[in-house]
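> Sequence first, predicted coordinates after that:
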Amino acid sequence: MLRVVVSLIVALVLSLACTSARADTAERPDRTTPRRAVAVFLEAAERGDWKEAAKSLDLKSMNPYRAMEDGPVLAQELYEVLDRAAWIELDRLSDDPKGRADDGDATEVLTVTTVQGHQTPITLSRTTSAAPEWYFSSATVTRIPKLYEEHGPGAIERRMPPSVRGFKVWGLEAWQWIGLPLAFIVAIVIGMITASMTLAIGRRVAKSTTARWDDELVGILRGPTRVFVAALAFRILLDALTPNAAVMTVLTKLVGMATIAATAWILMRIAVVLANAVERRAKADAAGAADAELRARGITTQVRVLRRVVNVSLGIIATALMLTQFEVVRNLGVSLLASAGIAGIVLGLAAQRTIGTLIAGIQMSATQPIRIGDVVVIEKEQGTVEEVTLTYVVVKIWDERRLIVPMARFLEQPFENWTKVSAELHGTIFVKVDWGLPIDALRAEVDRIVEKHPCWDGRTKSVQVTDARDGLEVRILVSATDSAKLWTLRVDVREKIVRWLQTFEAGKHRPVVRITA
């Protein structure tokens, strides 16, 4: 009986021992490879178990009592550095117990890229025991306080009470959720104040000069300057808030996009001011010439079209730079360019007309078949060119309708330009009279009417019989300096000749239809 009891006790003890051994084996962290060692450290740190995380640090060079006290602190500081990193090359870590051969014997290097773009090497070392394991090397442990000082929480976060530092939503602590909107508001205020002070100084400097362009430049740079300064101020405040890597990366990219947009905005405003200055200077230089008006309109057309070309180019460049701020868009663009050759050809063919229109706009500004202010006849409509863009031309019809004509239309199809070389024009008035009208009397009356008219330019006036079938057809030819004056001259001459025919010799020379049997 005693033998049976002893056997049962021995079996129970052996069973408990085996169970305990299996439990120890199961609970023992796997640090047999560099990748698993880092994973063990991160899992313990994310649970907030800093004592367990400290076991992944090589603390053998430290005093045991100090290691027990400082180990959890060092583990927490190392985790704070890793948590704020923009990129950690975990995939590069070897999952081989021997590690990577190119990193050295019993050594593995983990490269950490900070948000500021600095690359910091974190080394792991392998023990020489019978069951080798990987730990963060003693050299890394020695550097943890310095890394924490440079890349860990900022001065504001370290002074925050623990009650507002523990709770996180989407990776941001409570005080950071409060601090980000405040930083945004402060950045806007700084941008407004700084821009106002800078522009006030610039306004005083501009008033001391005789040039006009610097006054215009100061006046239109207020908006973009505010955005530019506010973006820079928010970027500086963002470093003080020290959000985690994901949030910091997104906000940094957004600030970069705002900075690029503000810079493009400033350059566009500068282009407008320079274009206006060039236009005024060219008009002043051409003021003494005989064709001053034509030169002025040509210069205005060229400057405005080229200004639009510059603004469109700046917009495209700025948009491309803003999109390349994000790796997803950049990689997507590279992938599309690499794998969609046929699609690119199709898109190019589809955009052929659009590209052709833009090129036509640039060609129009260089060759100038039309200019702003030119009188043209197109689509059976006569009007004045009011606006020239890169893609279309606006023609103002006499009755104040606007005819929108594609730019390519002026290059591909014929049209009339009444003011291409000169604004001076000839106009005709046709009058039907009876056979018995003395042409010399009509010619004398036309001379009297035309010579006293304010719209006649003194170049041409003539009276000619152009037909003699059913009565006489008389053509009166006159000239004026532009189409508007010519129109007024023609209608006035026609009206006065009709009135003269009604009264001359009792109106017997008015056109008469004769029917003979």
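Perfect, thanks for sending it.
> burial measure for residue 77, as a count.
Using other CB atoms under 10 Å, residue 77 is surrounded by 19 other residues. Where C-beta positions appear, they are placed from N, C-alpha and C, glycine not excepted.
> end-to-end on stretch 453-465?
23 Å (CA to CA, to the nearest Å).
> So this protein: which segments form each domain?
As assigned by automatic domain parsing, the chain contains the domains 1-29, 31-152, 172-362, 367-417, 425-507.
> could I get these as CSV with mean pLDDT?
Below are the domains of the chain laid out as CSV (pLDDT from 0 to 100):
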stretch, mean pLDDT
domain 1-29, 47
domain 31-152, 81
domain 172-362, 76
domain 367-417, 83
domain 425-507, 88
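> Do I have it right that residue 486 meets residue 493?
No. The pair residue 486 / residue 493 is not scored as a contact, 10.6 Å apart, by CB atoms under 8 Å.
> Show me the common contact partners of the two, please.
Applying CB atoms under 8 Å, 6 or more residues apart in numbering, one finds that residue 486 and residue 493 are jointly contacted by residue 478.
> any idea which helix is longest in this structure?
In the chain, assigned by DSSP state H, the helix with the most residues is helix 245-285.
> what's in contact with stretch 492-509?
With CB under 8 Å, 6+ apart as the test, stretch 492-509 has contacts from 429, 431, 433-434, 436-437, 441-442, 445-446, 449-450, 453, 455, 476, 478, 510.
> With stretch 128-148 instead?
Identification of contacts with stretch 128-148 by CB under 8 Å, 6+ apart yields 31-34, 36-37, 41, 56-62, 74, 77-78, 80-81, 97, 99, 106-108, 120, 122-127.
> what's the span of it from first residue to last?
29 Å.
> buried ones in it?
By neighbour count with 16 or more other CB atoms under 10 Å, stretch 128-148 contains the buried residues 133-138, 140-141, 143-144, 147-148.
> How about stretch 433-441?
Residues of stretch 433-441 classed as buried: 433, 437 (neighbour count, 16+ other CB under 10 Å).
> And the strands in the stretch 351-500 of the chain?
With DSSP state E, counting those that start in this stretch as the criterion, the stretch 351-500 of the chain has strands at 375-378, 381-388, 392-397, 402-406, 416-417, 425-433, 461-467, 472-480.
> what's the angle from the fourth one to strand 392-397?
This points to strand 402-406. For strand 402-406 against strand 392-397, the angle by axes from the mean of the first three to the mean of the last three CA atoms, to 10 degrees is 150 degrees.
> who does strand 402-406 pair up with?
Sheet pairing of strand 402-406 (DSSP bridges) gives strand 392-397 (antiparallel).
> Now do the buried residues in the partner strand.
Of all the residues in strand 392-397, those buried under the rule 16+ other CB under 10 Å are 392-395.
> Considering the residues you listed, which is situated nearest to residue 200?
Using CB to CB, residue 394 comes nearest to residue 200 of the buried residues of strand 392-397, at 39.0 Å.
> and the contacts of stretch 128-148, which are buried?
Neighbour-count burial (16+ other CB under 10 Å) applied to these gives 31-34, 36-37, 41, 56-59, 62, 74, 77-78, 80-81, 99, 107-108, 120, 122-126.
> Show me those that map onto helices.
Going by DSSP H, the helices hold 34, 36-37, 41, 74, 77-78, 80-81 from the buried ones among the contacts of stretch 128-148.
> Would you reformat the residues you listed as TSV and include distance to residue 256?
Output for these, formatted as TSV (distance: CB to CB, whole Å):
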residue	distance to residue 256
34	34
36	37
37	36
41	33
74	34
77	30
78	29
80	25
81	24
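> Looking at the residues you listed, which is nearest residue 280?
Nearest member of these to residue 280, counting by CB to CB, is residue 81, at 59.2 Å.
> which residues does the closest one contact?
Here residue 81 is in contact with 112, 144, 147-148, 151-152 (CB under 8 Å, 6+ apart).
> Among those residues, which are located in strands?
Applying DSSP state E to those, the entries found in strands are residue 112.
> of the contacts of residue 81, closest to residue 303?
Nearest to residue 303 among these is residue 151, at 51.9 Å by CB to CB.
> my guess is that closest one meets residue 82, correct?
No. If you go by CB under 8 Å, residue 151 and residue 82 don't touch, sitting 9.3 Å apart.
> residues touching the residue nearest to residue 34 when sequence neighbours are not counted, list them.
Nearest non-adjacent residue to residue 34, counting by CB to CB, 6 or more residues apart in numbering: residue 108, 4.0 Å away. The contact partners of residue 108, by CB under 8 Å, 6+ apart, come to 34, 93-94, 99-100, 123-126, 134.
> if I look at the nearest residue to residue 274 once chain neighbours are set aside, how far off is residue 221?
Excluding the flanking residues, the one nearest residue 274 by CB to CB, 6+ apart is residue 213, at 7.1 Å. Computed as CB to CB, to the nearest Å, the residue 213 to residue 221 distance reads 12 Å.
> More neighbours: these two, which one.
residue 221 (20 against 17).
> What's the local residue count around the nearest residue to the more buried one once chain neighbours are set aside?
Distances taken as CB to CB, 6+ apart place residue 269 nearest to residue 221, at 5.8 Å, with adjacent residues excluded. Neighbour count for residue 269, taken as other CB under 10 Å: 20.
> For residue 459, the count of nearby residues, please.
The burial count assigned to residue 459 is 11, neighbours taken as other CB under 10 Å.
> Could you tell me how far residue 248 is located from residue 176?
Applying CB to CB, the value for residue 248 to residue 176 is 10 Å.
> re earlier: out of the contacts of residue 108, which is nearest to residue 460?
Within the contacts of residue 108, the smallest distance to residue 460 is 93.3 Å, found for residue 93 (CB to CB).
> shouldn't that closest one be in contact with residue 35?
Yes. Residue 93 lies in contact with residue 35 (CB under 8 Å); the separation is 4.2 Å.
> More neighbours: which of the two?
Counted by other CB under 10 Å, residue 93 and residue 35 do not tie: residue 93 has more neighbours, with 24 against 20.
> Could you tell me the backbone phi and psi angles at that one?
Dihedral angles of residue 93 (phi, psi; degrees, to the nearest 10) stand at phi -60, psi 140.
> For it, give me its contacts.
Residue 93 neighbours (CB under 8 Å, 6+ apart): 33-35, 38, 108, 110.
> before we move on, what SS does the closest residue to residue 261 other than its chain neighbours have?
Using CB to CB, 6+ apart and skipping residues adjacent in sequence, the residue nearest residue 261 is residue 318, 6.1 Å away. Assigned by DSSP: H, G, I helix; E, B strand; the rest coil, the conformation of residue 318 is helix.
> Likewise for residue 110?
strand.
> For it, which residues are in contact?
The neighbourhood of residue 110, defined by CB under 8 Å, 6+ apart, consists of 34, 38, 88-90, 92-93, 121-124.
> Hmm, residue 265 is touching residue 225, no?
No. The criterion here is CB under 8 Å, and residue 265 misses it with residue 225 at 9.2 Å.
> More neighbours: which of the two?
Neighbour count, other CB under 10 Å: between residue 265 and residue 225, residue 225 has more, with 23 against 19.
> Relative to residue 96, how far out is residue 68?
Distance from residue 68 to residue 96, counting by CB to CB: 32 Å.
> circling back to that earlier point, list only buried entries from the contacts of stretch 492-509.
429, 431, 433, 437, 442, 445-446, 449-450, 453, 455, 476, 478.
> what residues are up against residue 460?
426, 477-479.
> By neighbours, which of the residues you listed wins?
For these, neighbours tallied by other CB under 10 Å; top is residue 478, 25 neighbours.
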